[in-house]
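Undergrad: please work out how this folds:
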Amino acid sequence: MALASALLQVMIDAVRKTGRPMMRDFGEVANLQVSRKGPADFVTAADVRAEQTLFELLTKARPGYGFMGEERGLIEGTDKSHTWIVDPIDGTTNFMHAMPHFAITVALERHSPDGTSEIVAGVTYNPVQNELFWAEKGKGAHLNDQRIRVSGRRDLADGLIATGLPFLGRPGHAQAIKDLHAVGQRVAGIRRLGSAALDLAWTAMGRYDAFYERGLQKWDVAAGLLLMTEAGGTVTGVSDDVDPLSGAEVVVGAPDMQVHLRKLLQAA
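TA: Residues are numbered from 1 along each chain as shown. All right, here's what the predicted structure looks like:
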């Protein structure tokens, strides 16, 4: 990781150290202690341990920074200009079913005195495949030691599109079906693999040509949106007035592909 700054190296070290015990849990998935947060929305003991590990490692390296995690919410720091945004296991349902498609994702948000903010660094790590996606603002996006770029496809009919679907207890089922109908008849294929963080990372490296989803959270997308822009992609909401960083609406992809996809979703 010769190109990674000291700050990014802190993030990389944190996700790698978190991934080691997670892999032991993954190998014994049948014995995981499971509790329910809500309908079909599970949190495992591995989730809680992973977030605690990330919290300890990141706050030790940067003691004053705030911390936003999926499990514990927002913890404000003494340094009001920086906040870690963390999802300890994006793809928990996959993890619980022994499917090797999940990720640890960490982003750093920098707040300006004028009230604006931006994501300045992001890491998404799949410990099963040992694929580490990382980006720092203005310095490009990478998979392990290789620079990555979005795909060069321009015709929507050639495009492989990723998405997510609401599960039990989540709103938006009717809209999701409308979106699938609008998009599915115009593209080469649609995939739904269950981890938005990896969907964004895979789109940044060109495995997918574009990705869309509604109803996500900030921790699902923060690192991935930076990966996308640093890989040359386009990032918007479906609507003009929605900030994609909120996760409420996300449409990303290679520039031409993203524009065509967004038009289909706006008409859905």
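Undergrad: and residue 254, what does it touch?
TA: 150, 151, 152, 153, 154, 206, 209, 210, 232, 233, 234 (Cβ atoms under 8 Å, 6 or more residues apart in numbering). Every residue, glycine included, has its C-beta placed from N, CA and C.
Undergrad: burial check on the fourth one, number of neighbours?
TA: This means residue 153. 18 (other Cβ atoms under 10 Å).
Undergrad: and the helix or strand hosting residue 21, what's its mean pLDDT?
TA: For residue 21, the enclosing helix or strand under DSSP states H and E is helix 6-27. For helix 6-27, the mean per-residue pLDDT is 94.
Undergrad: show me what that helix is packed against.
TA: Secondary-structure packing of helix 6-27 (3 or more Cβ pairs under 8 Å, 6 or more residues apart in numbering; DSSP states H and E): helix 45-61, strand 103-111, strand 117-126, strand 131-136.
Undergrad: other residues contacting that helix?
TA: Against helix 6-27 from outside (Cβ under 8 Å, 6+ apart): 1, 4, 32, 44-46, 49-50, 53-54, 57-58, 61-62, 88-89, 95, 98, 100, 104-106, 108, 121-123, 125, 127-128, 132, 134, 136.
Undergrad: could you rerun that using 6 Å?
TA: The contact list for helix 6-27 (Cβ atoms under 6 Å, 6 or more residues apart in numbering) reads 46, 50, 53-54, 57-58, 61, 104, 106, 121, 123, 125, 127, 136.
Undergrad: need the CA coordinates for it. CSV is fine.
TA: Extracted in CSV, the C-alpha atoms of helix 6-27 (Å, rounded to 0.1, in the frame of the first residue of the first chain):
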residue,chain,number,x,y,z
ALA,A,6,-1.0,7.6,7.0
LEU,A,7,-4.7,8.3,7.6
LEU,A,8,-5.8,5.7,5.0
GLN,A,9,-3.3,3.2,6.5
VAL,A,10,-5.1,3.5,9.8
MET,A,11,-8.4,2.6,8.1
ILE,A,12,-6.8,-0.3,6.2
ASP,A,13,-5.2,-1.7,9.3
ALA,A,14,-8.5,-1.4,11.2
VAL,A,15,-10.6,-3.4,8.7
ARG,A,16,-7.9,-6.1,8.2
LYS,A,17,-7.6,-6.6,12.0
THR,A,18,-11.4,-6.7,12.3
GLY,A,19,-11.6,-9.2,9.5
ARG,A,20,-9.5,-11.9,11.1
PRO,A,21,-11.9,-12.8,14.0
MET,A,22,-14.8,-12.3,11.6
MET,A,23,-13.5,-15.0,9.4
ARG,A,24,-13.4,-17.4,12.4
ASP,A,25,-17.0,-16.6,13.1
PHE,A,26,-17.8,-17.1,9.5
GLY,A,27,-16.2,-20.5,9.6
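Undergrad: hmm, back to that, is it possible to get CSV of the helices and strands packed on helix 6-27 that adds mean neighbour count and mean pLDDT?
TA: Shown next, in CSV, are these (neighbours: other Cβ atoms under 10 Å; pLDDT from 0 to 100):
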stretch, mean neighbour count, mean pLDDT
helix 45-61, 19, 94
strand 103-111, 25, 98
strand 117-126, 23, 98
strand 131-136, 24, 98
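Undergrad: quick one: closest of the ones you listed to residue 225.
TA: For residue 225, the closest of the helices and strands packed on helix 6-27 is strand 117-126, at 6.4 Å, according to Cβ to Cβ.
Undergrad: by how many degrees do that closest one and strand 103-111 diverge?
TA: 170 degrees (axes from the mean of the first three to the mean of the last three Cα atoms, to 10 degrees).
Undergrad: strand 117-126 packs against which elements?
TA: Using 3 or more Cβ pairs under 6 Å, 6 or more residues apart in numbering; DSSP states H and E, the elements in contact with strand 117-126 are helix 6-27, strand 103-111, strand 131-136, helix 218-230.
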